[in-house]
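Undergrad: Got a predicted structure here, sequence first:
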Amino acid sequence: MPVAVYVLGLSVFALGTSEFMLSGLLQPLARDMGVSIPQAGLLVSAFAVGMVVGAPVLAAATLKLPRRTTLIALLAIFGLGQVVGALSPSYAVLFVSRVVSALACAGFWAVGAAVAVSLVPVTARARAMAVMVGGLSVANIAGVPAGAFLGQHAGWRSAFWAVAGLSVIGLVGVVALVPRTKPATGADAPRLRTELTIYRDRQVWLALAATALNGAAVFCLFSYLGPLLTEAAGLKESLVPMVLALFGVGALIGTAVGGRIADAHLFGTMYAGITASTVVLAILALTAHSAPAAVVLALMLGVSAFTTAPALNARMFNVASAAPTLAGATTTAAFNIGNTVGPWLGGLVIGAGWGYPAVAWTGAALAALAVCTTAVASRLHRATGTPSRLVASSAESGHTADSTRSSAESAHSLEKPACATTAPADC
């Protein structure tokens with residue numbers, strides 16, 4: 001795996017820490033800002049809305065710009081957004097800073113994902129995306145619990161300052177180690193009109209729906225995991241960072257497992273991971289008042305949720321291979337549609353007085369819908385007669401040149417794929 005992919009994963013660690021750290025800061029932040037827990041939870045949705053809007057817009061706007069330059073600019077804007085968040089005098093300013101940071105984060109994700117898959121053979125896409133998603137996993141293991149710890153002992157603003165520092169480290173890494181690229185010209189130049197044709201494919205929309213529903217299921221619960229642990233399970237607030245770290249450990253395990261098996265068993269990985277999340281969320285709803293059960297299930301939810309992440313990302317790049325930049329943007333937008341809808345639905349459930357266990361039930365229902373969407377995509381996939389296992393098809397042909405070609409050749413093939421611009425599934 002090229003070192004640049006790991007640098008992108010390191011940068012995603014900073015982005016992910018900012019995106020998810022509020023789950024451990026809701027209570028001190030709500031007290032300081034004088035707002036309710038559901039209102040504080042809307043800051044999670046605000047970030048996600050910015051990601052949804054920013055991913056496709058910035059991907060389209062920067063389509064013809066050098067990708068390295070774009071990554072540097074977006075990471076710098078993101079870091080400045082964290083500084084504004086740390087200095088916010090009011091809830092409104094903090095809300096706006098979250099949206100601006102999310103726009104930059106979305107653009108970085110979309111362009112960074114395209115860079116990552118362009119540096120590896122087509123049969124290693126899931127592994128490359130696992131490295132980037134691994135940045136989120138490590139953020140959940142270290143960044144989110146550290147943010148919660150800082151929030152409890154040095155004020156929630158200190159967590160924003162810490163993420164600003166992480167952004168500087170990521171920026172230095174991108175400047176030093178991500179290779180320079182020049183915009184393609186002539187026939188190889190990316191064209192927005194051509195990339196937009198991927199949205200004619202039903203499989204793109206099914207992949208988007210599965211990703212969004214899976215994200216909504218997980219983050220409907222995760223956004224309120226801290227209050228659930230303290231209010232429903234009776235856990236001490238000081239122990240919440242430990243449980244968040246356990247979720248992150250599970251996420252790292254899931255990402256590692258998913259990255260290893262998803263290239264060869266794409267739909268199987270999606271089925272197994274999403275179904276497991278459905279079961280875990282349902283059990284958590286039934287046992288939410290038991291602290292030991294809640295702690296163990298938080299770990300298991302991290303495993304199941306992030307096992308599917310590399311598969312969901314690779315699936316989108318497979319069905320939208322004619323448009324690698326918009327494929328990354330669409331995946332980012334889909335994930336954050338879920339991250340918007342999930343916390344919003346969770347807040348409605350809490351506001352209705354149904355309690356925190358009902359939030360877990362809502363997540364389980366969303367995960368069940370994701371399983372159904374995956375089943376529809378799998379049936380359509382088989383009906384079109386396309387290969388169901390990307391790596392397996394390569395292996396059957398005797399380890400073709402695709403599996404050993406250089407990074408430069410791989411990048412060129414992704415910029416100008418051999419398939420039609422209508423991007424049939426797994427072309």
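TA: Thanks, I have the structure now.
Undergrad: so what pLDDT did the residue nearest the centre of the chain get?
TA: Geometric centre of the chain, nearest residue: residue 335, 5.7 Å, by C-alpha atoms, centre = their mean. Note on residue 335: pLDDT of 81.
Undergrad: what do you get for the one 10 residues further on?
TA: In the prediction, the pLDDT value recorded for residue 345 is 89.
Undergrad: ditto for the one 5 residues further on
TA: At residue 350, the predicted lDDT confidence score is 86.
Undergrad: wait, it sits on residue 37?
TA: Yes - counting by C-beta atoms under 8 Å, residue 350 touches residue 37, with 7.0 Å between them. C-beta here means a position set from N, CA and C on the backbone, and glycine is covered the same way.
Undergrad: Tell me which of those two has more neighbours.
TA: Neighbour comparison, residue 350 and residue 37: the larger count goes to residue 350, with 21 against 18 (by other C-beta atoms under 10 Å).
Undergrad: low pLDDT regions in the stretch 151-300 of the chain?
TA: For the stretch 151-300 of the chain, the stretches flagged by pLDDT under 70 are 181-192.
Undergrad: if we can go back for a sec, so what sits against both of residue 350 and residue 37?
TA: Residues touching both residue 350 and residue 37 by C-beta atoms under 8 Å, 6 or more residues apart in numbering: residue 224.
Undergrad: picking that back up, in which helix or strand would I find the residue nearest to the centre of the chain?
TA: When elements are assigned from DSSP states H and E, residue 335 belongs to helix 324-351.
Undergrad: before we move on, the earlier item: let me see the contact set for the closest residue to the residue nearest to the centre of the chain other than its chain neighbours.
TA: In this structure, residue 335 finds its nearest non-sequential neighbour in residue 215, 4.7 Å apart by C-beta to C-beta, 6 or more residues apart in numbering. Contact analysis of residue 215 by C-beta under 8 Å, 6+ apart lists 334-339, 342.
Undergrad: just checking, next helix/strand downstream of the helix or strand where residue 163 lies?
TA: Residue 163 is part of helix 156-177 when elements are defined by DSSP H and E. Using DSSP H and E, the helix or strand that follows helix 156-177 in sequence is helix 192-195.
Undergrad: What's the separation between residue 235 and residue 300?
TA: Plainly put, residue 235 is 17 Å away from residue 300 if you go by C-beta to C-beta, to the nearest Å.
Undergrad: typed the wrong thing, it's residue 284
TA: 9 Å.
Undergrad: more crowded one of the two?
TA: A count of neighbours by other C-beta under 10 Å puts residue 284 above the other of residue 284 and residue 300, at 29 against 20.
Undergrad: ok, the more buried one touching residue 360?
TA: Yes - judged on C-beta under 8 Å, residue 284 makes contact with residue 360 at a distance of 4.5 Å.
Undergrad: And stretch 34-47, what's buried?
TA: By 16 or more other C-beta atoms under 10 Å, the buried positions in stretch 34-47 come out as 35, 37-47.
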